[in-house]
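>>> sequence and predicted structure, then a few things I'm wondering about:
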Amino acid sequence: MSLHQPPAKPARKPQPLAVAANKVAESEKPNLDTLDFPGRTVLYVREVAEKLRVTDRHVTNLIEAGQLRALNVATGAKKSWRIPVPWYRDYVKRMTDSA
């Protein structure tokens, strides 16, 4: 008795993360108005992370990589970041324009 096996599917070539991340449909591009913080002057890392739907660590990595500008308001060794709203808006605009 022989078992019938379906033909193997061809392996998909994985795309680099940068390529995969930049392929965003027009309908999926974020609305800048929904990403804004009206009436605010400075933001916490957690607020930015929640608005962008990423982790706090991801926002911190963006800051440390120089992609998102922020101010370190801590006096000790541990960093405590605040993101001025104009700097946040600049980051969002750059990211939505490049997508």
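Yep, it's here.
>>> and the helix ranked longest in the chain, what other elements does it pack with?
What stands out as the longest helix in the chain, according to DSSP state H, is helix 85-98. Packing partners of helix 85-98 (3 or more C-beta pairs under 8 Å, 6 or more residues apart in numbering; DSSP states H and E): strand 42-44. Quick note: C-beta positions are derived from backbone N, CA and C, even for glycine.
>>> any idea of the mean pLDDT for the strand it packs on?
Confidence over strand 42-44 (mean pLDDT, whole number) is 96.
>>> just the buried residues of the longest helix of the chain, please?
Trp87, Tyr88, Tyr91, Val92, Met95 (16 or more other C-beta atoms under 10 Å).
>>> would you map the strands across the chain?
42-44, 71-72, 81-84 (DSSP state E).
>>> report the strands that pair with the longest one, each with its relative direction.
Read that as strand 81-84. Note on strand 81-84: by DSSP bridges, its sheet partners are strand 42-44 (antiparallel), strand 71-72 (antiparallel).
>>> nearest to Val54, of those strands?
strand 42-44 (13.7 Å; C-beta to C-beta).
>>> what comes up buried for that closest one?
Val42, Leu43.
>>> one more: stretch 54-73?
Under 16+ other C-beta under 10 Å, the buried positions of stretch 54-73 are Val59, Thr60, Leu62, Ile63, Leu68, Ala70.
>>> closest one of the residues you listed to Asp36?
Set against Asp36, the nearest of those by C-beta to C-beta is Leu68 (15.4 Å).
>>> excluding covalently adjacent residues, which one is nearest to the closest one?
Distance criterion C-beta to C-beta, 6 or more residues apart in numbering; nearest residue to Leu68, sequence neighbours excluded, is Leu62 at 4.1 Å.
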